[in-house]
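1. Kindly return the folded structure for what I paste below:
(chains A and B)
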Amino acid sequence: MIRRLPALLARTGIYWLLLLLLVLASAAIPEFRTPANLANVLTQSAPLAVLAVGQTLVITAGLIDLSVGQLAGLVVVLVCALADGSSAAAVPVVALALLLAAAVGALNGVLSNRLRIDPLILTFGMLSVLQGVIFVWTDRSIGRAPPELLWLANERLLGVPVSLVLVAAVALACGAILRRSRLGLHLAALGGSEESARRVGVPTARVRLAVFTLSGLSAGLAGILIAGRLGTGYPMAGAGYELDAIVAVVLGGTALAGGRGSIAGTLAAVLVLGIVSNALNLLQISAFVQMVAKGLIVIAAILANQPRARTRVVAA
Amino acid sequence: MEAELNQPLLEARGLGKSFGGTVALDGVDFAAFAGEVHAIAGANGAGKSTLMNIIGGVFPPSAGTLHLAGAPALFDSPRAARAAGVSVVYQELAVLPLLTVAENVHLGRSGGFSRRRLVAETEALCREWGLPLDPRAVAGELSIAGQQLIEIARALAGTTRVLVLDEPTSVLSLGERDRLFAIIAELKRRGLLVLYVTHRLEEIFAIGDRVTVLRNGRKVATLDVSATSQAELVRLMIGHDVRERFDLPPVPSAPRRIEIEGETPRGKVRLTLNSGEIVGLAGLVGSGRTRLARAIAAVDREWPMTVRIDGKPLRLRSTGDAIRHGIVYLTEDRKRDGLFRPLSIVVNASAASLGRFSRWGLLAPKPEREATEAVLRRLRLVARSLHAPVSELSGGNQQKVLFGRALLCAPRLLVCDEPTRGVDVGAKDEIYEILMDLAADGVAILLVSSETKELLALSHRLLVMRDGRIVREIVGRTDEHAVLMAATGAA
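-> Model prediction:
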């Protein structure tokens, strides 16, 4: 038991970090601990949370999906341009956007299976394609989000942000997939060793297709939330989200090489990133200094998170 | 045997497989029945692995068919084989270390899923078959023997009728081996067919009912184990009755002695080489030849070794240290850890001795090229240009480039692992000449080879390895039979 303590601390490190940041920020910044601001942190974090939860599945399977940020961006532009503020169009447009996002994800899966391209390169290519499509369509903000999405992304119901309900639903669904479904077991197997997985009869191609499709779907949902937050179809809306999502997944304790994933850890890491940025905003620290701070925190947290991996390298 | 009255459970008809130009399996017929332990025996390269991979659905045969209970069995994937009831436990275990035992056992099955049921089912399975496994344990924390049990449990969890075990005891202690044998006996009693692939003859006699012997990709015979002997099996594995005798030349007198001492999991190893001597290291796949060779040259440090030259111990903490002391390892796998394939011949040859050709970190290209050219000329390398990518060369010439790399290091001890693998006949003879020339120049050579004939033709002395230990030293008059008997533990 004692021997496992360092491992246990490493596994739960992100929760301690979250707690520490909450205490520090609450003590140092009076505005931070107001209910309105705390709710604000949650709504601001919601799109990243949805993306990162999806990416947790992808990384657990030993894959990576860099196209999710631009896919979310495409959904933002699509939804705002097509609905253009109309309530009547909200449901069909959202349905269409989610379908498109899932289809792009499935396309990633099919290409990865058929062409056997490294997913890093494949999805980077897809990132570029999607970015290009957005800019061919428009180089400035177009359309308006329907009021339902504004409500979804920004309002509170009995004090609880509505977007939090969506995040919780996505997290519970992905948690159930990871922990309670055969697909989850297959994901972990594929991430652990593709060769072993294949030998024991895991249908690896189907698993890859499923996980990329789910990833696309989560990007679509994140796009819906971003559209609601921005209110308009801004072509750069999704830029950079893919890297933040990967950082959150790894901070949350999911092995970057695959084989083991934690949805709760990912959510905690998203909150850590959200609190840091919110607290620095409240302290009126410039966005550029915030970038430096975020980078340093990420590096420090990753180091603290994998003591065992480091000793292994030294011993080898 | 009464089972022979029934239909065979697994039958191969004219099974063949070739990879590129090499024929790995050629027209193999055999039949095996439910409720028997059927051993597949053969020397290195006899086609055991190829046969097993076809049965397990890893790749399809290029000729012939496989039948399961009379129906043609075309497995296009391991999944298909498993679904049909054929499970293979490979030497390289397919266990996912981060998952629990229960999760590992039920991987790859389809149907409903609940973690609690998974654990309950695994518990019941282990109780039923007497497998000492905790379903909740994390697989990576189990011993190799425990992980092997996971694979067996996985096979038993499905509807397995044929269980193929590939050298299952190579990683087990004696106690673990007895437990495995007890489980195999139980599987047999309940009507499974166990295909037991091995080159450990004593195990065939311990648990086998019948044995099929392969040699050079062909089936030689299927025998009742009770009606044969280890000596007969060895004879069938080698193939010729007529014994070709070899007289190993006398060991040259020794201006320099290289003493090697080390620790393997199975005990101590000690060997001594004289300068100018070629010592052959024989043994079956998995006997630890390569691991010993790599340990001596400090390529791996899993087995710690002490090397003394003329009584002076060397401090070898890296391959670089070893090279500086003139101990050079020539890999068995040129592509993986030998060549820099896109780079030029010169760069490949001089890679290990750049210190000689540089001053203050800057390379002097002219001396590098001239020295390399001289060495490669001596090795009679055939290439259109020394600046051409090394990947253009034939296998034999690639091997010469690696020899050139070793020679540029001024070796005192050359550890050669399978120096003629993937090399055509003409180049083989040239490599033999190179080895003999080097020995004549006073280099001590430790030669690892799966080809017993090659060892007999070149060595002054033979060391035979088995289970990570050197079990015999052979000098003077001997033959292939004696070497294989020692390597399989038959004598």
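2. Please make it C-alpha for all contacts and neighbour counts, starting now.
-> Will do.
3. Any chance of the backbone angles for the residue nearest to B:Leu271 when sequence neighbours are not counted?
-> In this structure, B:Leu271 finds its nearest non-sequential neighbour in B:Ile260, 5.3 Å apart by CA to CA, 6 or more residues apart in numbering or on different chains. Here is the backbone geometry of B:Ile260 (degrees, to the nearest 10): phi -130, psi 130.
4. Against B:Arg291, how distant is B:Ile260?
-> As judged by CA to CA, to the nearest Å, B:Ile260 and B:Arg291 stand 14 Å apart.
5. do the same with B:Gly476
-> B:Gly476 sits 27 Å away from B:Arg291 when distances are taken as CA to CA.
6. Look at the two and report which has more neighbours.
-> B:Arg291 (17 against 13; other CA atoms under 10 Å in any protein chain shown).
7. who's in contact with the more buried one?
-> Going by CA atoms under 8 Å, 6 or more residues apart in numbering or on different chains, B:Arg291 touches B:300, B:303.
8. so it, which of the three states?
-> Assigned state for B:Arg291: helix (three-state reduction, DSSP: H, G, I helix; E, B strand; the rest coil).
9. any idea how far A:Leu74 is from it?
-> For B:Arg291, the distance to A:Leu74 - CA to CA - is 55 Å.
10. same deal with B:Leu314?
-> Counting by CA to CA - B:Leu314 and A:Leu74 are separated by 65 Å.
11. same deal with A:Gly240?
-> 13 Å.
12. Same drill for these two, tell me which one is more crowded.
-> Each of A:Gly240 and A:Leu74 has its neighbours counted (other CA under 10 Å); A:Leu74 has more, 30 against 13.
13. Quick one: mean pLDDT over the helix or strand hosting B:Val346.
-> Using DSSP states H and E, the element containing B:Val346 is helix B:345-350. Across helix B:345-350, the average pLDDT comes to 91.
14. From the contact counts, what lies against that helix?
-> helix B:365-378, helix B:395-408 (3 or more CA pairs under 8 Å, 6 or more residues apart in numbering or on different chains; DSSP states H and E).
15. Ok, which of these comes nearest chain A?
-> helix B:395-408 (25.5 Å; CA to the nearest CA).
16. hmm, who's touching the closest one?
-> With CA under 8 Å, 6+ apart, helix B:395-408 has contacts from B:328-330, B:334, B:338-339, B:345, B:348-353, B:371-372, B:375-376, B:379, B:381-383, B:390-391, B:414, B:419-420, B:422-424, B:427-428, B:431.
17. need the contact list for the nearest residue to A:Ala106 once chain neighbours are set aside.
-> Excluding the flanking residues, the one nearest A:Ala106 by CA to CA, 6+ apart is A:Thr213, at 4.4 Å. By CA under 8 Å, 6+ apart, A:Thr213 lies in contact with A:102-109.
18. These into CSV, with extra columns for secondary structure and distance to A:Ile134?
-> Compiled in CSV, those are given as follows (DSSP: H, G, I helix; E, B strand; the rest coil; distance: CA to CA, whole Å):
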residue, secondary structure, distance to A:Ile134
A:Ala102, helix, 17
A:Ala103, helix, 17
A:Val104, helix, 14
A:Gly105, helix, 17
A:Ala106, helix, 19
A:Leu107, helix, 18
A:Asn108, helix, 18
A:Gly109, helix, 22
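19. Which one of those sits in the busiest neighbourhood?
-> Neighbour max across those (other CA under 10 Å) = A:Gly105, 30 neighbours.
20. quick one: that one and A:Ser218 touch, right?
-> No - between A:Gly105 and A:Ser218 there is no contact under CA atoms under 8 Å: 9.5 Å.
21. Tell me, how many residues neighbour residue 181?
-> The chain I'm using is chain A. Neighbour count of A:Ser181, defined by other CA under 10 Å: 17.
22. Oops, wrong one, chain B.
-> Neighbours of B:Phe181 (other CA under 10 Å): 16.
23. Now do it against B:Leu172, distance only.
-> Counting by CA to CA, the gap from B:Phe181 to B:Leu172 is 11 Å.
24. hang on, the earlier thing: which positions within the helix holding B:Val346 qualify as buried?
-> If you call a residue buried by 16 or more other CA atoms under 10 Å in any protein chain shown, then helix B:345-350 has these buried ones: B:345-350.
25. which parts of the stretch 101-250 of chain A sit against chain B?
-> Selection of the stretch 101-250 of chain A residues close to chain B by CA under 8 Å from any CA of the partner chain yields A:180-182, A:185-186, A:188-189, A:192-193, A:195-203.
26. Quick check on these: which are buried?
-> A:180-182, A:185-186, A:188-189, A:192-193, A:196-203.
27. The residue in chain A positioned nearest to chain B: what's it in contact with?
-> The nearest approach of chain A to chain B comes at A:Gly201, 3.8 Å away (CA to the nearest CA). Taking CA under 8 Å, 6+ apart, we find A:Gly201 in contact with B:77-80, B:82, B:107-109.
28. give me that answer again for 6 Å
-> Neighbouring residues of A:Gly201 by CA atoms under 6 Å, 6 or more residues apart in numbering or on different chains: B:78-79, B:108.
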